[in-house]
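**Q** give the three-dimensional model of this entry:
(2 chains)
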Protein chains: 2
Amino acid sequence: MVVSIFVNPTQFNQQSDFSRYPRRLARDAILCRKAGADLVVAPSARAMYPPGFSTWVEERNFSMPLCGRSRPGHFRGVCTVVAKLFNLVPPAVAIFGQKDAQQALVIRRMTRDLNIPTRIVIARTLREKDGLAMSSRNERLSPSARRRAVVIARSLHAARKAFRDGIRNARRLKQIARRRLLATPGLRLDYLELVDLASLRPVSSVRAGDMLVVAGWLGGVRLIDNVILR
Amino acid sequence: MVVSIFVNPTQFNQQSDFSRYPRRLARDAILCRKAGADLVVAPSARAMYPPGFSTWVEERNFSMPLCGRSRPGHFRGVCTVVAKLFNLVPPAVAIFGQKDAQQALVIRRMTRDLNIPTRIVIARTLREKDGLAMSSRNERLSPSARRRAVVIARSLHAARKAFRDGIRNARRLKQIARRRLLATPGLRLDYLELVDLASLRPVSSVRAGDMLVVAGWLGGVRLIDNVILR
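**A** Model prediction:
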């Protein structure tokens, strides 16, 4: 049975983020049915966090750098709600997108550590025609910001091209991406980092399989993306 | 199927406590078989906490007062290992002793909060002939300390008798128990408290169903006990 789950993992920790999160359950349920879902699970925040709720699940390694530094408590909320959903459903396989690579790694670690018998599959990032990584947040971009948002994917792809051309120095590769990002009006960079996939820690000399990750704000919307260099 | 689980919940957090914890698996396994166990689960610490393990489960309400104040991190270790075991086995019903009432309430809250489909049953405290609450730790008491340890249960029972005789003032009831405890050579009181079972918070006027809880050190061994006043 294919089950689609709708829940904003940040809902409990980042109330302001949650309130701005696009929710179009009826439309999304139709998309799920078309994609082969037999069942949609979409519990309310009140059902998930009743009065007296007081338990948290926290991963303390993969969750620390990158988005973990910029968004305190975010991955604690993610781990808690995902552990709950895994116990509720419970799924044999759960699919997470590579765009949220850190989230997927945090969840995979948490799932293994807590002996939850769900296999975590990381699916390749789906992109709009211009390359922007698909995300429900993209709907919140103004038309102008939406046009500029393409720089995020393009900056990553420029660095990836340089890697393929033989550049292995992390500082130089990041500089290639950063130059494009900083030239984009209104884009506020949160982080741009080249990391080892096994630890999410920065590398100075890049090897195939390392990941270039970026997060930034554009017109009030936080966007993230990444590419694995090969 | 009846499954017995052997694991010291404190093993990861309180290494010194763990190393002193009595482990007699062969003997205990025989006791389990006599009690009707079909299977004994006794994973090693290495299997439970492999290198890279980095996830914690924390209950932040019931775990805060009483033993939570005296043993930082203890209930985090308890919740983490119990969540792991519940996912590993997984049991329909799990039984915890009333002697460790706070632990049982923390685990019940954690289990509900994380949507783990295990029912938590709290079983009455089993006692030695002289009234001492049964605990594997009792084996660590010297013969002299073992004789004196009976004061813990007796002090609780004296307060319970006073409650039955009509005393409702928490300070007076605690004084009755404290007098006996403080008169015992070598006993170092950690806490003595009258709490509401729904919150584990102290009460000043006692009602039926409130719990008198005590923790203390005797000859290097930490002992706890409780009675529910009715």
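
**Q** please parse chain A into its domains.
**A** Following automatic domain parsing, one finds the domains of chain A at A:3-123, A:136-228.

**Q** next SSE downstream of the lowest-mean-pLDDT helix or strand in chain A?
**A** Least confident helix or strand, chain A: helix A:15-19 with a mean of 57, by mean pLDDT, DSSP states H and E. Downstream of helix A:15-19, the next assigned helix or strand under DSSP states H and E is helix A:25-34.

**Q** which is the next helix or strand following that following helix?
**A** strand A:39-41.

**Q** and the next element down the chain from that next one?
**A** helix A:45-48.

**Q** list the buried residues for that next one?
**A** Within helix A:45-48, the residues scored as buried using 16 or more other Cβ atoms under 10 Å in any protein chain shown are residue A:48. C-beta: built from backbone N, CA, C; applies to glycine.

**Q** next: stretch A:204-223.
**A** A:206, A:210-216, A:218-219, A:221-223.

**Q** may I ask which two of those residues are separated the most?
**A** The largest separation in the buried residues of stretch A:204-223, counting by Cβ to Cβ, is between A:206 and A:219 at 31.2 Å.

**Q** any stretches of chain A with poor pLDDT?
**A** Within chain A, the stretches with pLDDT under 70 are A:6-23.

**Q** show me what from it comes close to chain B.
**A** A:52-62, A:79-80, A:83-85, A:87-88, A:109-110, A:113-117 (Cβ under 8 Å from any Cβ of the partner chain).

**Q** hmm, which of these are the buried ones?
**A** Neighbour-count burial (16+ other Cβ under 10 Å) applied to those gives A:53-62, A:79-80, A:83-85, A:87-88, A:109-110, A:113-116.

**Q** now, the residues you listed that are in strands?
**A** Under the assignment DSSP state E, those contribute A:55-59 to strands.

**Q** quick one on the thing from earlier: from the buried residues of stretch A:204-223, pick the one nearest residue A:197.
**A** Distance to residue A:197, by Cβ to Cβ, is smallest for residue A:211 among these, at 5.4 Å.

**Q** which ones are touching that closest one?
**A** Applying Cβ atoms under 8 Å, 6 or more residues apart in numbering or on different chains, we find residue A:211 in contact with A:101, A:194-197, A:226-229.

**Q** ranges for the helices of chain A?
**A** Secondary structure of chain A, counting by DSSP state H: helices at A:15-19, A:25-34, A:45-48, A:67-70, A:74-88, A:101-113, A:143-148, A:150-164, A:170-182.

**Q** which positions within the second one qualify as buried?
**A** With burial defined by 16+ other Cβ under 10 Å, the residues of helix A:25-34 counted as buried are A:28, A:32.

**Q** what packs against that helix?
**A** Secondary-structure packing of helix A:25-34 (3 or more Cβ pairs under 8 Å, 6 or more residues apart in numbering or on different chains; DSSP states H and E): strand A:3-5, strand A:39-41.

**Q** closest one to residue A:146 among the ones you listed?
**A** Across the helices and strands packed on helix A:25-34, residue A:146 has its closest neighbour in strand A:3-5 (26.0 Å, Cβ to Cβ).

**Q** for that closest one, packing partners?
**A** Contacts defined by 3+ Cβ pairs under 8 Å, 6+ apart place strand A:3-5 against helix A:25-34, strand A:39-41.

**Q** any chance of CSV for the ones you listed, columns distance to residue B:36?
**A** Shown next, in CSV, are those (distance: least, Cβ to Cβ, whole Å):
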stretch, distance to residue B:36
helix A:25-34, 46
strand A:39-41, 37
